[in-house]
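1. structure of the sequence below:
(chains A and B)
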Amino acid sequence: MLVTCFNILILLLVPFLMTGIIKKTKAFWAGRKGVSIFQPLWDFLRLMKKGAVVSNTTSWIFKYTPVIGLTTVIFAALFVPMATGKAIINIPFAFVIFSYVLGLGKFFSLLSALDTGSSFEGMGASREACFSTIVEPAFFITLASLAALTQNYSFESLKLILQNAGGYGVLIIALAVVTLFIMLLIEGCRVPVDDPTTHLELTMIHEVMILDNSGIDLGLITWGAAIKMFLFEALIANLLIPLSWGWWESALAFLAIVFILSVIIGTVESSMARFRMTHVYEFIFIMSITALLILALVVYRIYGGG
Amino acid sequence: MGIYFFSIVILLLGALLSVVIKDDNKKLKSCSICSVLSTILTLIPAIYTIKTGMPLQISIYASPLLGYVDIVIDALSAFFLIVISIMSSLGIIYANGYMKPYLNKGMNISSHCFSLMLLVISMMLVVTAQNALFFLIVWEIMSLSSFFLVIFEGEKKEVISAGIKYLVYMHISMIFILAAMIVLNAQTDSLRFMDYLAFMQNNGAHANLIFVLAFIGFGIKAGFVPFHNWLPEAHPAAPSHVSGIMSGIMIKTGIYGILRFLLLIGTPSKIISYAVLGVAVISALYGVLYAITQHDIKRLLAYHSIENIGIIGIGIGAGMLGLAYDNTFLAVFGFTGGILHILNHSIFKELLFFAAGSTYLKTHTRNIELMGGLIKKMPYTALLFIIGSVAICGIPPFNGFISEFLIYAGMIKGVPASGISLFIVLVLSIAALAMVGTMAMLCFTKASGVMFLGNPRGVDIDNVSEAPATMIFPMTVLAFLTFFIGMYSQYFISYASIPASMFTNGVDAVGDLIYLFDFVGNIGCYFMLFLAIAVVILVIRYVLGIGKKTERHSTWGCGYNRPNNHMQYTASSYADLFISTLKPLFKRVSHIKKPKDLFPKEAYYEQNIEDIEEAYIVKPLIMWDEKFLTKFERIQNGNIQQYILFGLIFLILSVIGMIYFGG
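-> Next up is the predicted model:
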């Protein structure tokens, strides 16, 4: 029970720190002092106190989407092994539920973007919907291959690769990390796919979909987006932490990995520009390729000589 | 069994009443009363069969030609009977509202009602008939009555041409089914399915041939790619309740036929199982891909029927592979998921067609590019359509997720057990299913977003009002069902697992079944948790919002303050990024007239996306066919003397033939 509470606390609070760390890293590379890493949390709390401006065009979809979005990410998080190495709901085929529940949030965020009747937001929605058609199959190939490899169908399969993959373990883990990291950049709307800080609507994906949100709604959405990105960091962390570790060891390693990943995201963001929209596809297809490579390695491991 | 016949008699009575009653307004009412009554009666034997697992059976000696006609309600038939009876009566109730503008205009409502009732009767008989000839007769009645339903607005040219296309496709389908039946009849000298069972299981090669013939025949009805072309034509042409019934349940009789033949052959061979899975995966991808390109809402939904038939097929194909490889988990989950998806698809597809019909009735257009903002005028219809959209994308907590989840679970756990080819095929099928899900999401956010949200894009919606209660009521029932099946999935899974267990009879699947119920029963609890979290967040959001000022303002236009409705994102632009990425898969036909001169008068740009299967396979075939047949034009010259001569020549030839070969 205590452990579960600890996990939930981490789930709800660490995402703020994570975005704070990313901002701090970017500030570091830019030679600035930067804001405190708690700034996203203060921003969130400030937004909670604000009123809102709502478009005349919108309907109930726009009103309830932030709540639905936040609910879906929190619910999806229950299936992911968190800091202490255990998922709150540890069931087989959890990744299907995980992915489809996030899909519910995405469905409504797309509708909410169309609800405003703005051409910018429609464009963002179109891009978001389009990219996820390539992301999801790759995610499913990866997870299904790993499940087959480890004979474990929950998210714990991520932690069991080394024991089952023989000599290919490190390679498979590396490929899986790449796959999930690209997915993180796409779903978390980070450079080089999307730029969360730009104010040029034409180049954005996710940020442009929430142009019309303000006040509490905006706060909930940014919090939800941070948790979503945190979930993918958690998945990557699971790849690197073995199942056999005790809860405090995993927790420490988990937080360390989240920290390192956030620094990496910040570094990537400082060191490169976002891709042109036509090149984003090429970037996403890397994920499909690594996923297929994982499949090939797993097949070779099970049926080949290895 | 008596109750079942009684319910059919009631339906017949409804059909006759609709002819006898003079008043247009009362015809549909009498039909709906009869169909609701018969639904209640049909449910009794059907649920009894599913609950007890005991088939109800009766043999009637009909005539020397037909021999014994077996009417059997086994678990599979019972499952289909439940789907058919509930969905058709909801459709007929909906028709009361939908047909109102057509009444008292001198249109032939009687024949429409009569065909509608006949369609329901024939579907109910199709799924219970176990005599080849009787089966073919009711199958043909089903095709013909639905043809008459499709051409209800026959004064429109495109309706008639769609109707004829449908008729042609149905008869090609008939040829294949007939061929399968003829082979069986010739080999066993019997018309009864029970005699076929023994024959099919002992003759592998024959069984495969027969199954392939039957699969093509029934696949045309079901709408598997590449036999799907009639769907996107016939569904838009038909009135909405007919589209709902046809797409929701009639095409499922094709699936029924495939399943029935599958029962006859027992354990399918590996190659056939792979073929079924392959066709299903292609259908699912192809259907949703083309759905994205459509702007006619009913065409879009028709393509989604192809997609969902594909998903059902993936379940069945996975189940067949499970049988072929002796992988019980895959078999149990595949069949259960596929069969449950039949029920699920019939619910949400009918819901979507009905909601689309309501908007058509109010806006008089099916083009989604012209709609927009309808959520303010038709809030219930919009809500129901969005529920249907979420359900069809397979998103929890609605019913579509449950069946897709079962199929996923079966395939994921089925992966490691057996063989390298199965391994790769299953993983790629999983990826395809995931891709289908996200593409469906793209398509349905497009459809519901452009239809209901934003500002009006063309049609003046000032006079649009909410649909009448007779239309809202059946849709509400359907929406409730989608949610209910999602939340209390364990009951429905256990119902679906009984017909599924007919296929997995030969294998020991008890452990897998227990796993199925235990595990999936919990999913409903998780969704309760989901709702609880949502309520908590909603309450917090509400409490935080108290006392905060909310201003209404126009949509943010980057500082531009006079946006107009044409600046919104349209359906085409929403889908364009995706379509342009997959350019080679579509045939784009553009009509452009560029502005000319100093004072350009008119200019337009129009782009259509044609079905490549139709453009590159069907059309060339028809062209070739026409070219070939026009050579025989001379024969048909209207000269009676010559026709008599042809008759004479034919007679002489047949006499000669008889003399030669007869002895």
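
2. got the contact list for residue 288?
-> You didn't pick a chain, so chain A it is. Taking Cβ atoms under 8 Å, 6 or more residues apart in numbering or on different chains, we find A:Ser288 in contact with A:Ile134, A:Pro137, A:Ala138, A:Ile141. Where C-beta positions appear, they are placed from N, C-alpha and C, glycine not excepted.

3. could you do chain B instead?
-> The neighbours of B:Val288, taking Cβ under 8 Å, 6+ apart as the test, are B:Tyr303, B:His304, B:Glu307, B:Val436, B:Met439, B:Ala440, B:Cys443.

4. picking up where we left off before, for chain B, state which of the contacts of A:Ser288 is nearest.
-> Using Cβ to the nearest Cβ, A:Pro137 comes nearest to chain B of the contacts of A:Ser288, at 3.9 Å.

5. show the pLDDT at that closest one.
-> pLDDT, A:Pro137: 94.

6. about what we covered before: and chain A, which of the contacts of B:Val288 contact it?
-> Applying Cβ under 8 Å from any Cβ of the partner chain to the contacts of B:Val288, one finds that B:Met439 fall near chain A.

7. possible to save the contacts of B:Val288 as JSON lines with distance to A:Gln163?
-> Shown next, in JSON lines, are the contacts of B:Val288 (distance: Cβ to Cβ, whole Å):
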{"residue": "B:Tyr303", "distance to A:Gln163": "46"}
{"residue": "B:His304", "distance to A:Gln163": "43"}
{"residue": "B:Glu307", "distance to A:Gln163": "39"}
{"residue": "B:Val436", "distance to A:Gln163": "34"}
{"residue": "B:Met439", "distance to A:Gln163": "36"}
{"residue": "B:Ala440", "distance to A:Gln163": "37"}
{"residue": "B:Cys443", "distance to A:Gln163": "42"}
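
8. which one of the contacts of B:Val288 has the most neighbours?
-> Of all the contacts of B:Val288, B:Cys443 has the most neighbours under the rule other Cβ atoms under 10 Å in any protein chain shown, reaching 31 neighbours.

9. before we move on, which element is it in?
-> B:Cys443 belongs to helix B:420-452 when assigned by DSSP states H and E.

10. tell me which residues of that helix are tucked away?
-> Neighbour counts over helix B:420-452 (16 or more other Cβ atoms under 10 Å in any protein chain shown) mark B:422-423, B:425-452 as buried.

11. quick one on the thing from earlier: sitting in helices, which of the contacts of A:Ser288 do you find?
-> Using DSSP state H, the subset of these located in helices is A:Ile134, A:Pro137, A:Ala138, A:Ile141.

12. chain neighbours aside, what residue packs nearest to the last one?
-> To tie it back to what came earlier, the one meant is A:Ile141. Spatially, and ignoring its direct neighbours in sequence, A:Ile141 is nearest to A:Ala291 (4.2 Å; Cβ to Cβ, 6 or more residues apart in numbering or on different chains).

13. count of residues packed around that neighbour?
-> Each residue near A:Ala291 was counted by other Cβ under 10 Å, and the total is 29.

14. try the one 5 residues further on
-> Neighbour count of A:Ala296, defined by other Cβ under 10 Å: 14.

15. looks to me like it is in a helix.
-> Yes. Using DSSP: H, G, I helix; E, B strand; the rest coil, the assignment for A:Ala296 is a helix.

16. got the domain boundaries for chain B?
-> B:269-544+B:569-585, B:633-663 (automatic domain parsing).

17. worst average pLDDT in those domains?
-> domain B:633-663 (a mean of 87).

18. least trustworthy helix or strand in chain A by mean pLDDT?
-> helix A:206-209 (a mean of 84; mean pLDDT, DSSP states H and E).

19. list of residues touching that helix?
-> In contact with helix A:206-209 (Cβ under 8 Å, 6+ apart) are residues A:109-110, A:112-113, A:120-121, A:123-125, A:128, A:189, A:194-196, A:198, A:201, A:225.

20. distance from the chain centre to the next helix or strand after it, please.
-> Downstream of helix A:206-209, the first helix or strand assigned by DSSP H and E is helix A:215-240. Put simply, helix A:215-240 sits 6 Å off its chain's centre (Cα atoms, centre = their mean, to the nearest Å).

21. now do stretch A:116-124
-> On the basis of Cα atoms, centre = their mean, stretch A:116-124 sits 23 Å off its chain's mean C-alpha point.

22. quick check: closest non-adjacent residue to the residue positioned nearest the centre of chain A.
-> Nearest to the geometric centre of chain A sits A:Met229, at 2.9 Å (Cα atoms, centre = their mean). The shortest distance from A:Met229 to any non-neighbouring residue, by Cβ to Cβ, 6+ apart, is to A:Gly188 (3.3 Å).

23. and what of A:Phe16?
-> A:Leu41 (4.1 Å).

24. in this structure the one you found contacts A:Val14, no?
-> No. Between A:Leu41 and A:Val14 there is no contact under Cβ atoms under 8 Å: 10.5 Å.

25. shared neighbours, the two?
-> When contacts are counted by Cβ under 8 Å, 6+ apart, the set common to A:Leu41 and A:Val14 is empty.

26. neighbour count winner among these two?
-> The neighbour comparison of A:Leu41 against A:Val14 (other Cβ under 10 Å) goes to A:Val14, with 24 against 18.

27. kindly confirm my reading that that one is in a helix.
-> Yes. Assessed by three-state DSSP, A:Val14 belongs to a helix.

28. and it, how far is that from chain B?
-> 19 Å (Cβ to the nearest Cβ, to the nearest Å).
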